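In: using only what follows, build the 3D model:
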Amino acid sequence: MGAEPVQSWIQSALDRYEASLLRYAAGVVGSAAAPDVVQDTFLALCRAEPEKVEGHLGPWLFVVCRNRALELLREGSRLRPLEEQDVTGNPDSEPWRRVERQQSFGRVQHLLQELPDRQREAVMLKFAAGLSYKEMAEVMELSVSHVGVILHTALTRLRVLLAEPSEVLGVGGGL
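Out: Residues are numbered from 1 along each chain as shown. Take a look at the predicted model:
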């Protein structure tokens with residue numbers, strides 16, 4: 001490919017995958033570090049030979065993104081809990097609704113951390129990144145059926161955990 005077709009190909013990849021890569025990376029390293037991880041992912045794409053990536057671009061990008069995010073975590077970065085992120089949605093929403101959403105997101109984030117690494121990764125790839133089972137299988141280097149089993153097991157476990165009662169505000173004592 002010449003310079004212009006390569007630039008067009010990279011721009012097309014950016015337009016198609018940037019948002020889902022950002023969601024996925026935010027789920028791994030937090031929303032503050034996610035843009036850096038995605039930028040590094042696209043810089044790797046700029047250095048890659050298009051012929052070697054063509055045909056499996058999406059999964060390739062997610063593998064690079066995952067590897068960079070995990071590298072960043074190993075370098076000492078920490079996950080940022082969802083309850084710290086802006087979950088207000090509408091600035092005019094009532095404060096109690098914001099608190100309720102924050103508690104729900106916080107609980108889901110906590111429950112995701114209870115899952116084994118492979119199950120948590122499958123949930124993030126499916127719901128944060130929006131990948132198909134085939135794409136997930138390529139990223140996770142597993143068969144499509146194995147990915148399906150892992151995701152099913154994870155969702156079943158999350159349903160069980162969500163059904164368990166939780167302490168809402170940690171306020172004890174009687175009236």
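In: which stretches of this structure form helices?
Out: Ranges of helices within the chain are 3-29, 34-47, 50-53, 57-74, 95-114, 117-123, 133-140, 144-163, based on DSSP state H.
In: would you turn those into TSV with mean pLDDT and mean neighbour count?
Out: (C-beta placed from N, C-alpha, C; glycine too.) Formatted as TSV, the helices of the chain follow (pLDDT from 0 to 100; neighbours: other C-beta atoms under 10 Å):
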stretch	mean pLDDT	mean neighbour count
helix 3-29	88	17
helix 34-47	93	18
helix 50-53	88	12
helix 57-74	89	20
helix 95-114	66	14
helix 117-123	89	19
helix 133-140	90	20
helix 144-163	90	15
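In: please report phi then psi for L131.
Out: In terms of degrees, to the nearest 10, the main-chain angles of L131 are phi -80, psi 150.
In: just give the nearest non-adjacent residue to it, would you?
Out: Counting by C-beta to C-beta, 6 or more residues apart in numbering, L131 lies nearest to L125, which is 4.9 Å off, once chain neighbours are set aside.
In: so who does the one you found touch?
Out: Counting by C-beta atoms under 8 Å, 6 or more residues apart in numbering, L125 touches 24, 62, 131, 135-136, 139-140.
In: pretty sure P50 contacts Q7?
Out: No: counting by C-beta atoms under 8 Å, P50 stays clear of Q7, with 11.0 Å between them.
In: grab the most central residue of the protein for me.
Out: Nearest residue to the geometric centre of the chain (C-alpha atoms, centre = their mean): Y24, 2.4 Å.
In: ok, now how distant is that one from E49?
Out: 24 Å (C-beta to C-beta, to the nearest Å).
In: same question, V139
Out: In terms of C-beta to C-beta, V139 sits 20 Å off from E49.
In: repeat that for S8.
Out: As judged by C-beta to C-beta, S8 and E49 stand 16 Å apart.
In: domain assignment for this protein?
Out: 3-74, 92-163 (automatic domain parsing).
In: and the closest residue to H56 other than its chain neighbours, what does it touch?
Out: With C-beta to C-beta, 6+ apart as the criterion, H56 has its nearest non-adjacent residue at 6.2 Å, and that residue is E138. Residues counted as contacts of E138 (C-beta under 8 Å, 6+ apart) are 56, 59, 63.
In: one more time with 10 Å
Out: E138 sits next to 56, 58-60, 62-63, 131-132, 144, 147 when contact means C-beta atoms under 10 Å, 6 or more residues apart in numbering.
In: could I get those residues as JSON lines with distance to A32?
Out: Rendered in JSON lines, the data for the contacts of E138 read as follows (distance: C-beta to C-beta, whole Å):
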{"residue": "H56", "distance to A32": "30"}
{"residue": "G58", "distance to A32": "25"}
{"residue": "P59", "distance to A32": "26"}
{"residue": "W60", "distance to A32": "25"}
{"residue": "F62", "distance to A32": "20"}
{"residue": "V63", "distance to A32": "23"}
{"residue": "L131", "distance to A32": "23"}
{"residue": "S132", "distance to A32": "29"}
{"residue": "V144", "distance to A32": "34"}
{"residue": "V147", "distance to A32": "29"}
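In: thanks again, I'm all set now.
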